[in-house]
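Enquirer: Sequence and predicted structure are below.
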Number of protein chains: 2
Amino acid sequence: MTDLLDRTAPTDTPILDVLSQRWSTRAFDGATAIDEDALAAALEAARWSPSAFNNQPWRFIVARRGSDAHAKVVDSLVAFNQAWAASAGALVVFVAELSRDGREFPSALYDLGQAAAHFTVQAHSGGLATHQMTGFDPDAVAAAFGLDGDLRPFTVMAVGAAGTIDDAPVASRDGERAPRVRRPIVESAVVNA
Amino acid sequence: MTDLLDRTAPTDTPILDVLSQRWSTRAFDGATAIDEDALAAALEAARWSPSAFNNQPWRFIVARRGSDAHAKVVDSLVAFNQAWAASAGALVVFVAELSRDGREFPSALYDLGQAAAHFTVQAHSGGLATHQMTGFDPDAVAAAFGLDGDLRPFTVMAVGAAGTIDDAPVASRDGERAPRVRRPIVESAVVNA
């Protein structure tokens, strides 16, 4: 598995291992059940992430491989994602709470992203791999789980034990080993004064 | 300073110290300059966060206390935030890239939130305190820094050395010591199957 998990980012300055080594594989172990302690810790980390006015505008659908809920989430994925994400020990839908009692939460998506990030940091620390997807049908998820109009499914995260290169779809195997790339920080820091 | 920094969340299950101990103070040390290495590492962590299709729809305005840029960002804050956030060693504006070359990025705010989260995790690991704010005028920031219409300032983060309780506004001092609270995870996990 080392060839998949040792994907440390080539950072310009040292950062925490759990941040530099976090990356989004498409090779999940389809036989190993999700590590329940690691999953619970990841959810707890999401719980304690910050949000505007501590509104906590997030909800989660946790669907372990083999459950009816899992089948519903898999059905909502685009075909390309179904091909690899269904193998992960769990699929977790990150749901934004866009409003509550008629009050809009303009930061809901931003706050949901933070919750997902805290989840991933804890998950990777606990030995889980993660891969977030926007390639799914949010309306299908909302209908399948009876979510009300305040709640918008925004991403689906595959979570589980990493597999080997053979677990990745053939079309994705080069990507599993391609160099990791990001724009230089000087191009993102429009002002640095 | 211990009374401010030791604000570990009362988690139901253990999570990484850097996640349980991260919290949003309003007491910053107004004399100490920002730790440049820690700031650079936090920006690098943000750089390597994930985003939909690796679009990296984020930009940063880094404004150290005393700079002209800092004065502009402080001017944009609501009065309540000015009272404490101006003391932080830096103010970092997190800017969403809503579109690029006419192509919209529907995940921009979510991805920006993840970048901010990665920033905070690394910052706290490096001994910096952080506090994110939505209480500012994004149009004023866009005008002050000449941002084009694709770029929307979304949060301002105070970043710097933590202070003591006396550095917090009088009205915020109880909050600095109040119990940390979040909804139980069972109320956020609408399905757990």
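Expert: Nice, I can see it.
Enquirer: drop to CA atoms for contacts and neighbour counts, all remaining ones
Expert: Fine.
Enquirer: Tell me which residues of whichever strand or helix holds A:V141 come out buried.
Expert: Element membership of A:V141, judged by DSSP states H and E, is helix A:138-145. By neighbour count on 16 or more other Cα atoms under 10 Å in any protein chain shown, the buried set for helix A:138-145 is A:P138, A:A140, A:V141, A:A142.
Enquirer: Other residues contacting the next helix-or-strand element following it?
Expert: Of the helices and strands lying after helix A:138-145 in sequence (DSSP H and E), the nearest is strand A:151-160. Contacts to strand A:151-160, defined as Cα atoms under 8 Å, 6 or more residues apart in numbering or on different chains, come from residues A:28-29, A:33-35, A:85-86, A:88-99, A:128-136, A:138-139, A:141-142.
Enquirer: Show me which helix runs longest in chain A.
Expert: Counting by DSSP state H, the longest helix found in chain A is helix A:108-125.
Enquirer: can you tell me if that helix touches chain B.
Expert: Yes - using Cα under 8 Å from any Cα of the partner chain, we find that helix A:108-125 touches chain B at A:L109, A:Y110, A:D111, A:L112, A:G113, A:Q114, A:A115, A:A116, A:A117, A:H118, A:Q122, A:S125.
Enquirer: what's whichever helix or strand comes after that helix packed up against?
Expert: Downstream of helix A:108-125, the first helix or strand assigned by DSSP H and E is strand A:129-133. Counting contacts by 3 or more Cα pairs under 8 Å, 6 or more residues apart in numbering or on different chains; DSSP states H and E, strand A:129-133 is packed against helix A:108-125, strand A:151-160.
Enquirer: swap the cut-off to 10 Å and go again
Expert: helix A:79-85, strand A:90-97, helix A:108-125, strand A:151-160 (3 or more Cα pairs under 10 Å, 6 or more residues apart in numbering or on different chains; DSSP states H and E).
Enquirer: export the ones you listed to a markdown table and tack on mean neighbour count and mean pLDDT?
Expert: Converted to a markdown table, the helices and strands packed on strand A:129-133 look like this (neighbours: other Cα atoms under 10 Å in any protein chain shown; pLDDT from 0 to 100):
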| stretch | mean neighbour count | mean pLDDT |
| --- | --- | --- |
| helix A:79-85 | 17 | 97 |
| strand A:90-97 | 26 | 98 |
| helix A:108-125 | 27 | 98 |
| strand A:151-160 | 25 | 98 |
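Enquirer: of these, which approaches A:L39 most closely?
Expert: Ranking these by proximity to A:L39 (Cα to Cα) places helix A:108-125 first, at 6.7 Å.
Enquirer: Tell me what angle that closest one forms with helix B:108-125.
Expert: Calculated by axes from the mean of the first three to the mean of the last three Cα atoms, to 10 degrees, helix A:108-125 forms an angle of 50 degrees with helix B:108-125.
Enquirer: Helix A:108-125 to strand A:151-160, inter-axis angle?
Expert: Using the same axes, to 10 degrees: helix A:108-125 against strand A:151-160 is 10 degrees.
Enquirer: what about helix A:108-125, distance to the chain center?
Expert: On the basis of Cα atoms, centre = their mean, to the nearest Å, helix A:108-125 sits 8 Å off its chain's mean C-alpha point.
Enquirer: try stretch A:39-48
Expert: So, by Cα atoms, centre = their mean, the centroid of stretch A:39-48 is 13 Å from its chain's centroid.
Enquirer: now swap in stretch A:166-181 and tell me
Expert: Distance of stretch A:166-181 from the chain centroid (Cα atoms, centre = their mean) equals 18 Å.
Enquirer: What is the burial count for A:A129?
Expert: Look at A:A129: counted by other Cα atoms under 10 Å in any protein chain shown, it has 28 neighbours.
Enquirer: what about it, distance to B:E176?
Expert: As judged by Cα to Cα, to the nearest Å, A:A129 and B:E176 stand 35 Å apart.
Enquirer: one step back: list the helices and strands the longest helix of chain A packs on?
Expert: helix A:17-20, helix A:36-47, strand A:58-64, strand A:90-97, strand A:129-133, strand A:151-160, helix B:17-20, helix B:108-125.
Enquirer: possible to save the buried residues of helix A:138-145 as CSV with distance to chain B and pLDDT?
Expert: Listed next are the buried residues of helix A:138-145 as CSV, based on distance: Cα to the nearest Cα, whole Å; pLDDT from 0 to 100:
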residue, distance to chain B, pLDDT
A:P138, 13, 98
A:A140, 15, 98
A:V141, 12, 98
A:A142, 12, 98
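Enquirer: which residues of chain A score low on pLDDT?
Expert: Where chain A drops to pLDDT under 70, the residues are A:1-6.
Enquirer: which residue of it sits farthest from its center?
Expert: A:A193 (33.8 Å; Cα atoms, centre = their mean).
Enquirer: so that residue makes contact with B:H70?
Expert: Yes - the criterion here is Cα atoms under 10 Å, and A:A193 meets it with B:H70 at 8.0 Å.
Enquirer: Whether stretch A:164-172 contacts chain B - can you check?
Expert: No - on the criterion Cα under 10 Å from any Cα of the partner chain, stretch A:164-172 is out of touch with chain B, staying 14.0 Å away.
Enquirer: Kindly report the same for stretch A:19-27.
Expert: Yes - residues of stretch A:19-27 are located near chain B by Cα under 10 Å from any Cα, namely A:L19, A:S20, A:Q21, A:R22, A:W23, A:S24.
Enquirer: Can you check the distance spanned by that stretch, start to finish?
Expert: Between the opening and closing residues of stretch A:19-27 there is a gap of 19 Å (Cα to Cα).
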